[in-house]
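Student: okay, structure incoming, though there's no sequence with it:
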């Protein structure tokens, strides 16, 4: 994923507004187009769509994980973000008090070898004597990621490491952003030298009130020196109890993703190799993870969301993990093939961490983290679209040979295109990224029509509409992507998997637009392209039927047809999807032939994603301005006339009679 310019917002916004007005008023919505859609639902002409066709791609970008999907509320919990030299910047931690009452800095006295920086607080005031501490005490506070969302009656697990040669009375509080409203607190007390050695303290806080812009405070009114390290606040109520923010993870689960590709694109590479994602540095106890600077997207991550957690998330979602490994390349550096052996071994070790038995070297580490059974890691992607780099092909072959020797069943993804794949440069899949304008994306519905029908197949792991009409996630961008996905369905004999990018954006840190899901500390909404994906969540493993559109002088319509079976009640549906990328309403006559069963007189539905204007977007104020609307169908039949709105995607889910229809 390439870096976008971040300084073009104002003129782009104006341009988008002009574009919207031009589209909405100059062109207008024109009615009166007629067309014919023919669907051949006969079994002999049907074809299975791959079971892992549609999934999701997660990259640590836009604070998607740190301050987002990963539910940790404390930012820079280990005080490592300022670098290993001390004293260092402890941002976003701030001091409560002034230099007459407290001196705060960092030193390298932590008990953790891989993250040695600790916070040192020298408290100069006291509760009595000459220098009296201010009311409420002095100390430090952490605002989290643009404010902590603390909810009434919810329980939060607090953990911190503390050391002091003095008597300690340290109050740990969740408060409002100004510190005046106390939501929950706990006081840690200890006699002199009780904390002479680093000691881990854990307890729960239960909030008495709601506050979406809270902070964590550590305060005292007792003089002395206190060292602090690895301070964490996690809500107990997380998705499946595994540390993922419940509302955001549920939005992913609702897409029914069949695979999860992680941890990035550029994040996996880093601008420099020292800042690349190193899986072995992100496993084991969270306190011992050194964290690293995400230089590709400009912020620190504590790596609480590490290799283990990505595998766990895939398992929780019922998705196959697709691990993007660093192949020795960053944005600005390359490791030569002659010296790549250690990185190759590191990747093979990572596969052992995921798949090895609990008594293997790395499998035992996974087991110690609470997952004795192996994860189902079946896909490894070598690199991030850097086939053009000098050493890629030589390095790739080293990775391929070593992985296949140890794990012959693993599917290996190449960053090179299909034309380069050969017996001497083998691959199970090849990676494709598509970032383009909405009009070009719509035209790419035919992108794979002329692809040779031979192995390997493609994984379109990153696609997105970008440019002037993409905005922060517009309807027209979603429709263009929908048309592209219809083309992938139609060509699923040569395309194995597909996922959009980026998946998440914290509204306080937009490094890239558009994105599928927008959130802040307490709110979230899906952009139109998120809702568009719901039209394809039943396609993986479904049966594809040939379809054709007959229209004159209007080429803005694409369609597909599948049969799929509901996991809830085992009912089978014929789903017909129609994308109208143009400004004209269409009266469409649908003709279905070859069905072995009839269509039930009731139980069918129509679902439409559209809005009043093609550049409409969702927002926190209007989170479902552009969202699917479903209604029952009264005229469901093998021959029926329907209306398709301008700038829309419509699905007709026709309930089939439960006679002899084979399960999909």
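Tutor: In hand now; what should we look at? Owing to the predicted nature of the structure, the values given are computational and were not obtained by experimental measurement.

Student: every contact and neighbour count from this point should use C-alpha atoms.
Tutor: Fine.

Student: what residues go with each domain of this protein?
Tutor: 33-47+541-656, 51-59+260-427, 94-235 (the TED database).

Student: dump those domains to TSV, plus mean neighbour count and distance to residue 433.
Tutor: Formatted as TSV, the domains of the chain follow (neighbours: other Cα atoms under 10 Å; distance: least, Cα to Cα, whole Å):
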stretch	mean neighbour count	distance to residue 433
domain 33-47+541-656	19	22
domain 51-59+260-427	20	8
domain 94-235	19	31
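
Student: will you turn those into TSV that also has mean pLDDT and distance to residue 78?
Tutor: What follows is the domains of the chain, written out as TSV (pLDDT from 0 to 100; distance: least, Cα to Cα, whole Å):
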stretch	mean pLDDT	distance to residue 78
domain 33-47+541-656	96	32
domain 51-59+260-427	97	8
domain 94-235	97	4
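
Student: adding distance to residue 485, write those out as TSV.
Tutor: Rendered in TSV, the data for these read as follows (distance: least, Cα to Cα, whole Å):
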stretch	distance to residue 485
domain 33-47+541-656	10
domain 51-59+260-427	9
domain 94-235	35
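
Student: residue 495: which of these is closest?
Tutor: Taking Cα to Cα, domain 51-59+260-427 is the member of those nearest to residue 495, at 7.9 Å.

Student: end to end on the closest one, go ahead and measure it.
Tutor: Using Cα to Cα, to the nearest Å, the end-to-end distance of domain 51-59+260-427 comes out at 20 Å.

Student: and stretch 373-380, by the same measure?
Tutor: Separation of the first and last residues of stretch 373-380 by Cα to Cα is 19 Å.

Student: got a list of contacts for that stretch?
Tutor: Under the criterion Cα atoms under 8 Å, 6 or more residues apart in numbering, residues 311, 315, 320-325, 351, 354-358, 363, 367, 409-413 lie in contact with stretch 373-380.

Student: just stretch 195-212 next, same as before
Tutor: Contacts for stretch 195-212 (Cα under 8 Å, 6+ apart): 110-111, 147-165, 174, 176, 183-186, 521-522.

Student: narrow these to those in strands?
Tutor: Among the contacts of stretch 195-212, DSSP state E puts 148-150, 155-163, 174, 176, 183-186 in strands.

Student: excluding chain neighbours, give the residue nearest to residue 487 in space.
Tutor: residue 445 (4.2 Å; Cα to Cα, 6 or more residues apart in numbering).

Student: look up which helix or strand the nearest residue to residue 321 once chain neighbours are set aside falls in, please.
Tutor: Excluding its sequence neighbours, the residue lying closest to residue 321 (Cα to Cα, 6+ apart) is residue 260, at 5.0 Å. Following DSSP states H and E, one finds residue 260 within strand 259-262.

Student: for this protein, what spans make up the helices?
Tutor: Chain-ordered helices for the chain, with DSSP state H as the definition, fall at 9-21, 246-253, 266-269, 307-317, 341-355, 361-368, 392-406, 438-443, 475-490, 528-533.

Student: do you know how far residue 110 is from residue 163?
Tutor: 9 Å.

Student: let me see the contact set for residue 397.
Tutor: The contact partners of residue 397, by Cα under 8 Å, 6+ apart, come to residue 425.

Student: and what of residue 429?
Tutor: With the criterion set at Cα under 8 Å, 6+ apart, residue 429 makes contact with 411-414, 455-459.

Student: turn the residues you listed into CSV, columns for distance to residue 337.
Tutor: Shown next, in CSV, are those (distance: Cα to Cα, whole Å):
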residue, distance to residue 337
411, 22
412, 18
413, 18
414, 16
455, 27
456, 24
457, 26
458, 26
459, 26
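
Student: relative to residue 395, which of the residues you listed is nearest.
Tutor: Using Cα to Cα, residue 414 comes nearest to residue 395 of the contacts of residue 429, at 11.2 Å.

Student: how many residues are close by the residue lying closest to the closest one once chain neighbours are set aside?
Tutor: Here the nearest residue to residue 414 in space, its sequence neighbours aside, is residue 430; by Cα to Cα, 6+ apart that works out to 4.7 Å. Taking other Cα atoms under 10 Å as the neighbour definition, residue 430 ends up with a count of 28.

Student: give me the pLDDT for residue 430.
Tutor: As summarised for this prediction, residue 430 has a pLDDT of 97.

Student: list the contacts of it.
Tutor: Contacts for residue 430 were tallied using Cα under 8 Å, 6+ apart; they are 413-418, 456-459.

Student: wait, which of the residues you listed is closest to residue 611?
Tutor: The shortest separation between residue 611 and any of these is 31.2 Å, and it belongs to residue 459 (by Cα to Cα).

Student: touching, that closest one and residue 431? I think so.
Tutor: Yes. Here residue 459 reaches residue 431: they are 5.1 Å apart, a contact under Cα atoms under 8 Å.

Student: pull up the distance across stretch 532-551, start to finish.
Tutor: 24 Å.

Student: same thing with stretch 507-522?
Tutor: Taking Cα to Cα, stretch 507-522 runs 11 Å from one end to the other.

Student: flag every buried residue along it.
Tutor: Taking 16 or more other Cα atoms under 10 Å as the basis for neighbour counts, the residues of stretch 507-522 that come out buried are 507, 509-521.

Student: could these go into JSON lines alongside distance to residue 73 and pLDDT?
Tutor: What follows is the buried residues of stretch 507-522, written out as JSON lines (distance: Cα to Cα, whole Å; pLDDT from 0 to 100):
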{"residue": "507", "distance to residue 73": "16", "pLDDT": "98"}
{"residue": "509", "distance to residue 73": "16", "pLDDT": "97"}
{"residue": "510", "distance to residue 73": "19", "pLDDT": "96"}
{"residue": "511", "distance to residue 73": "21", "pLDDT": "94"}
{"residue": "512", "distance to residue 73": "23", "pLDDT": "95"}
{"residue": "513", "distance to residue 73": "25", "pLDDT": "94"}
{"residue": "514", "distance to residue 73": "25", "pLDDT": "96"}
{"residue": "515", "distance to residue 73": "23", "pLDDT": "97"}
{"residue": "516", "distance to residue 73": "23", "pLDDT": "98"}
{"residue": "517", "distance to residue 73": "19", "pLDDT": "98"}
{"residue": "518", "distance to residue 73": "18", "pLDDT": "98"}
{"residue": "519", "distance to residue 73": "14", "pLDDT": "98"}
{"residue": "520", "distance to residue 73": "12", "pLDDT": "98"}
{"residue": "521", "distance to residue 73": "9", "pLDDT": "97"}
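
Student: ok, the closest residue to residue 645 other than its chain neighbours to residue 371 distance?
Tutor: Closest residue to residue 645 apart from its sequence neighbours, by Cα to Cα, 6+ apart: residue 585 at 4.8 Å. Here the criterion is Cα to Cα. By it, residue 585 lies 54 Å from residue 371.
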